[in-house]
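*Asks:* this is the structure alone, sequence omitted:
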Ligand code: CP
């Protein structure tokens, strides 16, 4: 259960520096909040009177909606801003926009931005907690936490599991955050992708096994995380074509059979069915892809609960 003794950073930028105890406390808190989401009345008064601003400077479906649902289930008020409908389209800078939001006294700012470092930049300049909802290819810490949560629920642990991460590692903020989280919690990680979608330092930096073919990574895996091809972050054509990519790296039933019989299949979404995995795998009982979305709400409720300053916070999480 949640430990009141842990201190939390002001902002949530990435997973670096968080201890096993911190990660476990988040997963335990999320477990309580998942139960709230299963009640008939899916709302608790924990953040009543607080304002959470969702500032999405890049497209999103899952992260944006689940942060909004999470804040609302905690009874916080929410404001939503995207770059296309804001005065940034008239040339106002990111910092000026954020300072204007700050003038309305938010209790937390959730930011997604195409530039790596944008969340950290704002965190250093704003008084309220800043939660990174994805910054360029740098980090997607709430996605990694919901992936850890989604794995721990059915498996009961992270430590000792073999986790295969397949696809566009180089451009994936989800992969980077998961490599840190899975490493901290003691998983054995094997990554695979075309050489053009891998970075040289993966093995040294994260202590993972690196393959150019998916089969050795999938062999005996307990968990498979498939990644989207991040076309918006690629500067050139990194593979011959979608059909060729699907044939070599896409997860088919035949490739899935290389993993443990009860292996879990995750994907952060959006999924290109027929490219990153076949529709059969997407819809198979081993696929956790829509569970990840459900769990995303619980994990983001936990993070808002832990980071938003709230002197009336109850001692017990279940309210
Ligand atoms: N997983 C994820 O970040 O999805 P969205 O881009 O839809 O938020």
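*Replies:* Structure received. Here the structure is a predicted model, which is why all the values come from computation and not from measurement. Numbering: from 1, shown residues only.
*Asks:* so what are the domain limits for the chain?
*Replies:* When the chain is parsed with automatic domain parsing, its domains come out as 20-139+294-308, 141-288.
*Asks:* please see if the longest one touches the ligand.
*Replies:* Yes - counting by CB under 6 Å from any ligand atom, the ligand has neighbours in domain 141-288: 143, 268-270. All C-beta spots, glycine's among them, are computed from the backbone N, C-alpha and C.
*Asks:* excluding chain neighbours, what is closest to whichever residue of the stretch 201-319 of the chain sits closest to the ligand?
*Replies:* Nearest residue of the stretch 201-319 of the chain to the ligand (CB to the nearest ligand atom) works out as residue 268 at 3.7 Å. Using CB to CB, 6 or more residues apart in numbering and skipping the chain neighbours, the partner closest in space to residue 268 is residue 174 (4.6 Å).
*Asks:* for that neighbour, grab the count of nearby residues.
*Replies:* Residues within reach of residue 174, counting by other CB atoms under 10 Å, total 27.
*Asks:* list the buried residues for stretch 96-116?
*Replies:* Using 16 or more other CB atoms under 10 Å as the burial criterion, the residues of stretch 96-116 that qualify are 97-98, 101-102, 106-113, 116.
*Asks:* let me see the mean pLDDT of that stretch.
*Replies:* On average, the pLDDT along stretch 96-116 is 97.
*Asks:* just stretch 78-93 next, same as before
*Replies:* For stretch 78-93, mean pLDDT is 90.
*Asks:* again with stretch 33-48
*Replies:* What stretch 33-48 shows for mean pLDDT is 95.
*Asks:* from one end of that stretch to the other, what's the distance?
*Replies:* The stretch stretch 33-48 measures 16 Å between its terminal residues, going by CA to CA, to the nearest Å.
*Asks:* just how off-centre is that stretch within its chain?
*Replies:* 21 Å (CA atoms, centre = their mean, to the nearest Å).
*Asks:* what is the neighbour count of the residue of the stretch 201-319 of the chain closest to the ligand?
*Replies:* Taking other CB under 10 Å as the neighbour definition, residue 268 ends up with a count of 27.
*Asks:* with the one 4 residues further on instead?
*Replies:* Around residue 272 there are 16 other residues, counting by other CB under 10 Å.
*Asks:* ok, back up a step: which ones are touching the residue of the stretch 201-319 of the chain closest to the ligand?
*Replies:* Counting by CB atoms under 8 Å, 6 or more residues apart in numbering, residue 268 touches 62, 140, 143, 147, 174, 225, 227-228, 292.
*Asks:* and with 10 Å instead?
*Replies:* By CB atoms under 10 Å, 6 or more residues apart in numbering, residue 268 lies in contact with 62-63, 134, 140, 143-144, 146-147, 172-175, 177-178, 225-228, 289, 292-293, 296.
*Asks:* most surrounded residue in the residues of domain 141-288 next to the ligand?
*Replies:* Counting neighbours by other CB under 10 Å, the top entry in the residues of domain 141-288 next to the ligand is residue 268, with 27 neighbours.
*Asks:* where does it land on pLDDT?
*Replies:* Among the per-residue scores, residue 268 shows a pLDDT of 98.
*Asks:* also residue 6?
*Replies:* At residue 6 the predicted local confidence, pLDDT, stands at 83.
*Asks:* likewise the one 4 residues further on?
*Replies:* Predicted confidence (pLDDT) at residue 10: the value is 93.
*Asks:* which residues touch the nearest residue to residue 188 once chain neighbours are set aside?
*Replies:* If the residues on either side of it in the chain are set aside, residue 188 comes closest to residue 162, at 4.9 Å by CB to CB, 6+ apart. Contacts here follow CB under 10 Å, 6+ apart; on that basis residue 162 touches 187-190, 209, 217-224, 259-260, 263.
*Asks:* right, and residue 288 touches residue 267 too?
*Replies:* Yes - in this structure, residue 288 is within contact of residue 267 by CB atoms under 10 Å, at 8.7 Å.
*Asks:* neighbour count winner among the two?
*Replies:* Set side by side, residue 288 and residue 267 give different neighbour counts by other CB under 10 Å, the larger being at residue 267 (26 against 21).
*Asks:* okay, now the nearest residue to the more buried one once chain neighbours are set aside: neighbour count?
*Replies:* Using CB to CB, 6+ apart and skipping the chain neighbours, the partner closest in space to residue 267 is residue 226 (4.6 Å). Burial of residue 226 is recorded as 25 neighbouring residues (other CB under 10 Å).
*Asks:* ok, now residue 211?
*Replies:* The tally of other residues near residue 211 (other CB under 10 Å) stands at 18.
*Asks:* likewise for the one 10 residues further on?
*Replies:* For residue 221, the count of nearby residues is 25 (other CB under 10 Å).
*Asks:* might one say that it is in contact with residue 190?
*Replies:* Yes - Residue 221 is in contact with residue 190 according to CB under 10 Å; the separation is 7.2 Å.
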